[in-house]
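1. coordinates for the following, if possible.
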Amino acid sequence: MSTLVFIHGWSVTNTSTYGELPRTLTARATQDGSPLRILDIHLSEYVTFDDSVTMDDIVRGFDNAIRGLALPGSTFDCITHSTGGPVVMAWLRAQRESPATHAPVKVARVIMLAPAHFGSALARLGKGAVGRLKAWFDGVEPGKRILDWLEHGSPESLAQNLDVVHGKDPAATGTYLFNLIGDRPDRKLHDVVNSYTGEDGSDGVMRLAAANLNARHCVLSQQGASPRLTTTVTRAPRTAFKLLPGLSHSGTSQGIMAAVPTSPITVDAIMRCLAVDSAAAYAALCDAFSRENAQRDANKVEKEHVAIFPDRVHIHDPRSLVIVRLVDDRGEPLVNAQFQFTAGPEASPEHLPSGFMIDRQANSRNATTVTMFLNRSVLAGDAAVPDPDTAGRELRGPLQPHDPYGVRVVPVDLTGLVRHVVAATAHQDDLLDVLGPHETTVIDVVLSRRVAEGVFRLTQDLAAFDFRRPVPGADIA
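-> Below you'll find the predicted structure:
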């Protein structure tokens, strides 16, 4: 028996957002031969459209609501959409860190549809004039505090996701996490004013890589005045991740949750997740999802029919999301420092392949945290892409890699009482190794803060002396 709790995403004001999915799953579970029996379904109604509400507030509300359920075995399963994924992950973290103040229940399976783990490029627009205007027409507020959380590179989302990267494997204690996302935007919902809604490598709202918890944390640290950055990489415990071909974030046509009728691709994937009841079964499904994702990536051509014009071709290369934070070893942000990718034997930014950088966005609350969306196929190299409809015709010729790839950081304060030193990764540390397809990598660059002895001196000269222009002197060890 399974109790299912559905949790919606940001800006939802009506439970119609779940579409026919709850009824479809119930019908599927009662079919002859189904090993699953759904005991109860609960649809959440939580508020994101109030500017004062924070993620912590929602977690407290969720915990209170869960306490009111009669759960057989004190266990339930969860199906989330979009922001609902981070909500449950935040609750799991809070429950783990403060068990005495959170409901003593267990979620066995968390099936997250298009989860906004690492945020969305659209969040900044939601906080802007367009988002406020839409909220005004809907009679609500934009939900600024939740949009702050959802913005790429927010400290709140990074703290939560790095806790996952460095934490224990939830599957070891019987909690299984699943991340499912449609592999393309709904072209009919594309807003021509906002290119993010039609961005390849996304479902129209969420970038595929941002929905994947198979993330890495890469720390590039400088020791003393050395010009070298030492690389340390931590990878998250393995999590099930599945691309659902042809589906998008929302809409009744091809929405992952709200399609009418409900997409059998969504239902089949959820049923496979709900059938997992052991660590071995979870590992097997992770393997199966990886194989299916590879098959999808091999069949990467989409042709969009455009009225009387020739079809528009989309090549769905795997992308990588990179979130860079620039600080020194005293925690001070490296304002205006240049973060440069380099390529080739000469480690030069001039040798980077054309078209590898798709988008770059600084966090509005912290300009030294920058999110970059990269075409990994351009970086890694790729075979020619044939036209599936015309034998012998290539849509794109072969791509050659420009490896090895590195990083160079050029601070602005190279002289003075307080300064930083230009630093770069070692030639043998190829950055491509830490950029996974459809995955996110958080890169923390930590430079040494060099302080000259001129900051503080003692003198035995009792005569008056003006030290408004101190001579820096040697660096303090």
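2. just the element for residue 59, please.
-> Take DSSP states H and E as the rule and residue 59 turns out to sit in helix 55-67.
3. and if you look at residue 293?
-> Under the assignment given by DSSP H and E, the secondary-structure element containing residue 293 is helix 279-298.
4. picking that back up, buried set for the helix holding residue 59?
-> For helix 55-67, a neighbour-count test (16 or more other CB atoms under 10 Å) marks 55, 58-59, 61-63, 66 as buried. Where you see a C-beta, it was placed from the backbone N, CA and C, and this is true even at glycine.
5. what is that helix packed up against?
-> Using 3 or more CB pairs under 8 Å, 6 or more residues apart in numbering; DSSP states H and E, the elements in contact with helix 55-67 are helix 84-97, helix 144-150.
6. out of those helices, which one sits most buried?
-> helix 144-150 (a mean of 24; mean count of other CB atoms under 10 Å).
7. which elements pack onto it?
-> Counting contacts by 3+ CB pairs under 8 Å, 6+ apart, helix 144-150 packs against helix 55-67, helix 123-127, helix 155-165.
8. rewinding a little: now the element after the helix holding residue 293, going C-ward?
-> Elements were assigned by DSSP H and E; along the chain past helix 279-298, the next helix or strand is strand 301-306.
9. using CSV, write down the CA coordinates of the helix or strand just after that following strand.
-> Taking DSSP H and E as the definition, the helix or strand that follows strand 301-306 towards the C-terminus is strand 309-315. C-alpha atoms of strand 309-315 as CSV (Å, rounded to 0.1, in the frame of the first residue of the first chain):
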residue,chain,number,x,y,z
PHE,A,309,9.0,28.1,-43.9
PRO,A,310,11.6,25.3,-43.9
ASP,A,311,11.7,23.2,-40.7
ARG,A,312,13.8,24.7,-37.9
VAL,A,313,16.4,22.2,-36.8
HIS,A,314,17.3,21.7,-33.1
ILE,A,315,20.3,19.5,-32.2
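10. and the helices and strands packed on helix 55-67: which comes nearest residue 112?
-> When those are ranked by proximity to residue 112, the top entry is helix 84-97, at 3.7 Å, counting by CB to CB.
11. and the closest one with helix 155-165, angle?
-> With axes from the mean of the first three to the mean of the last three CA atoms, to 10 degrees as the criterion, the two stretches helix 84-97 and helix 155-165 enclose an angle of 60 degrees.
12. which residues touch helix 84-97?
-> 7-9, 44, 46, 55-56, 58-59, 62-63, 78, 80, 102-103, 107, 110, 112-117, 149-150, 157, 160, 163-164, 170, 175, 179, 211 (CB atoms under 8 Å, 6 or more residues apart in numbering).
13. pull the distance from that helix to the chain's centre.
-> 16 Å (CA atoms, centre = their mean, to the nearest Å).
14. pull out the CA atoms of it and give them to me as CSV.
-> Output in CSV follows, covering the C-alpha atoms of helix 84-97 (Å, rounded to 0.1, in the frame of the first residue of the first chain):
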residue,chain,number,x,y,z
GLY,A,84,8.0,21.1,-5.1
GLY,A,85,11.2,19.1,-5.5
PRO,A,86,13.4,21.6,-3.5
VAL,A,87,10.6,21.8,-0.9
VAL,A,88,10.8,18.1,-0.1
MET,A,89,14.6,18.1,-0.2
ALA,A,90,14.6,21.1,2.2
TRP,A,91,12.2,19.2,4.5
LEU,A,92,14.4,16.0,4.4
ARG,A,93,17.4,18.1,5.3
ALA,A,94,15.5,19.8,8.2
GLN,A,95,14.2,16.5,9.4
ARG,A,96,17.7,15.1,9.4
GLU,A,97,19.3,18.0,11.2
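15. now the next helix or strand after that helix and helix 55-67, what's the angle there?
-> For helix 84-97, the following helix or strand on the C-terminal side (DSSP H and E) is strand 106-113. Interaxial angle of strand 106-113 relative to helix 55-67 (the same axes, to 10 degrees): 120 degrees.
16. please shift the residue numbers so they start at 57 in all later answers.
-> Shifting the count to begin at 57 puts that one at strand 162-169.
17. can you list the strands that strand 162-169 pairs with?
-> Partner strands for strand 162-169, per DSSP bridges, with pairing direction: strand 131-137 (parallel), strand 232-238 (parallel).
18. would you map out the domains in the chain?
-> Per automatic domain parsing, the domain ranges recorded for the chain read 58-273+292-365, 374-508.
19. helices and strands of the chain: which one has the lowest mean pLDDT?
-> Of all the helices and strands that make up the chain, helix 185-194 has the lowest average by mean pLDDT, DSSP states H and E, namely a mean of 46.
20. can you tell me the closest non-neighbouring residue to residue 76?
-> Counting by CB to CB, 6 or more residues apart in numbering, the nearest residue to residue 76 once its immediate chain neighbours are dropped is residue 318, at 4.8 Å.
21. what is the burial count for the one you found?
-> Burial measure for residue 318: 23 neighbouring residues, criterion other CB atoms under 10 Å.
22. and it, what does it touch?
-> 75-77, 80.
23. hmm, try it at 6 Å
-> 76-77, 80 (CB atoms under 6 Å, 6 or more residues apart in numbering).
24. enumerate every residue touching residue 122.
-> The contact partners of residue 122, taken as CB under 6 Å, 6+ apart, are 159, 161.
25. what of residue 243?
-> Residues in contact with residue 243, defined by CB under 6 Å, 6+ apart, are residue 360.
26. can you rerun that using 7 Å?
-> 254, 360 (CB atoms under 7 Å, 6 or more residues apart in numbering).
27. again with the one 3 residues further on
-> When the contact criterion is CB under 7 Å, 6+ apart, the partners of residue 246 are 253-254.
28. let's go with 8 Å and repeat that
-> Applying CB under 8 Å, 6+ apart to residue 246 gives the contacts 253-254, 260.
29. what's the closest of these to residue 373?
-> Within those, distances to residue 373 taken as CB to CB reach their minimum at residue 254, with 15.6 Å.
30. hang on, isn't the closest one packed against residue 241?
-> Yes: shown here, residue 254 and residue 241 form a contact pair, counting by CB atoms under 8 Å, at 5.0 Å.
31. if we can go back for a sec, dump the buried residues of helix 111-123 to TSV, plus distance to residue 474 and pLDDT.
-> Listed next are those as TSV, based on distance: CB to CB, whole Å; pLDDT from 0 to 100:
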residue	distance to residue 474	pLDDT
111	36	94
114	41	92
115	40	95
117	45	92
118	45	92
119	45	95
122	50	93
